[in-house]
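S.K.: I'll drop the sequence and a predicted model, then ask my questions.
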Amino acid sequence: MQSDTASLSKLHILETLLEKGYKSDLVGKALNKLVELELAKLKRELAEIETRIEKLEAKYDMDSGEFAEKFHAGLADDSADNIEWISFLDMRMALSQRIRLLQEESA
């Protein structure tokens, strides 16, 4: 797997070329496909997290908003389920932000 630094370097090279007037349908199509594939992957990951959150909500008969309030107020213990639940909520937020960013940039 390519390092983030190497990927950023290649993206910077493409950005520089495009800023200098370089035209390429291939680059545009490849970047659009890359965004499309990344969006699909993030949406699958989000769906998996949502399913796991829903199972915890059903198990404890509590919605995630109420749980998060209790957890952050110190009213929920540090059980494995609670740590997992709060982690899933953080992951959901991060995934949702990435999805929004990619959708905004590709619109």
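M.R.: Sure, I can see it.

S.K.: what's the span of stretch 59-69, first residue to last?
M.R.: In stretch 59-69, first residue to last residue: 18 Å (Cα to Cα, to the nearest Å).

S.K.: for that stretch, what is the average pLDDT?
M.R.: The average pLDDT within stretch 59-69 is 98.

S.K.: ok, residues contacting it?
M.R.: With contact meaning Cβ atoms under 8 Å, 6 or more residues apart in numbering, stretch 59-69 is reached by 53, 56-57, 76, 81-82, 85-86, 89. To be clear about C-beta, it is placed using only N, CA and C from the backbone, and glycine gets the same treatment.

S.K.: how about a cut-off of 10 Å?
M.R.: Applying Cβ atoms under 10 Å, 6 or more residues apart in numbering, the external contacts of stretch 59-69 come out as 53-54, 56-57, 70-71, 75-76, 81-82, 85-86, 88-90, 92.

S.K.: before we move on, what about stretch 87-104?
M.R.: Contacts with stretch 87-104, where a contact means Cβ under 10 Å, 6+ apart, come from 34-36, 38-39, 41-53, 55-56, 64-65, 67-68, 71.

S.K.: Stretch 36-45 too?
M.R.: Applying Cβ under 10 Å, 6+ apart, the contact partners of stretch 36-45 are 91-92, 94-99, 101-103, 106.
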